[in-house]
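*Asks:* Sequence and predicted structure are below.
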Amino acid sequence: MNKLVATMLLAVSLSPAWAVTLKKEAERKNAPAFELKNSAGETVKLSDYKGKIVLIDFWATWCAPCKASMPWINELSEKYKADGVEVLGISMDEEGWNVVKPFIEQMGVKYPIVVGNKRVGYLYGEVDNLPVAFFVDRNQKVAGIHLGAATKKQFESTLQQLLKK
């Protein structure tokens, strides 16, 4: 690894994760539609969640911050489900279900997981760096985006703000 790349990686790893700033309703754009498969081979569409607040979490098994956030994303999923919040994990692992299924079983993930692809990554803005989370409002518009490692407090605060609307 050259010195410049090492310096850039260090800078990114030391940068604090920024909080989610919710967009004003008039500035929100439609969340890109998708159809992806879950572990049972069933098609999952964003439109399945119409009327719900959706936290879309792009992650991968090799991503340390993704793995660290899964237990508290599980907690938030359970805590806010009755309020109309759904969590949907989109794994960006190129190896697909061969690596994803044992990983989510080991991690005890209870919220729905689908395997993404380059197309859905492109639709959501070239999802290259993980984790990335999209907060989608009840009208299926992107209300906020969080890039990088996050805290439970940041995500919970964002969900609570969306629930107030």
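*Replies:* On my side now, so go ahead.
*Asks:* Please tell me how far stretch 118-126 is from the chain's geometric centre.
*Replies:* Distance, stretch centre to chain centre, for stretch 118-126: 13 Å (C-alpha atoms, centre = their mean, to the nearest Å).
*Asks:* Show me which positions of that stretch end up buried.
*Replies:* Buried residues in stretch 118-126, counted by 16 or more other C-beta atoms under 10 Å: 120-121, 124. All C-beta atoms are positioned from the backbone trio N, CA, C, and that covers glycine.
*Asks:* Closest to Thr158 out of those?
*Replies:* Tyr124 (17.1 Å; C-beta to C-beta).
*Asks:* Give me the contact list for the lengthiest helix in the chain.
*Replies:* In the chain, assigned by DSSP state H, the helix with the most residues is helix 64-80. Contact with helix 64-80 is made by 53, 55, 57, 59-61, 85-87, 89, 107-111, 130-131, 148-150, 152, 155-156, 159, 163, as judged by C-beta atoms under 8 Å, 6 or more residues apart in numbering.
*Asks:* tell me which element the residue nearest to the spatial centre of the chain is part of?
*Replies:* The chain has Asp57 as the residue nearest its centroid, 1.0 Å off, counting by C-alpha atoms, centre = their mean. Here Asp57 is covered by strand 53-59, with elements defined by DSSP states H and E.
*Asks:* Just list what that strand packs against, helices and strands only.
*Replies:* Helices and strands touching strand 53-59, by 3 or more C-beta pairs under 8 Å, 6 or more residues apart in numbering; DSSP states H and E, are helix 64-80, strand 85-91, strand 132-136, helix 152-164.
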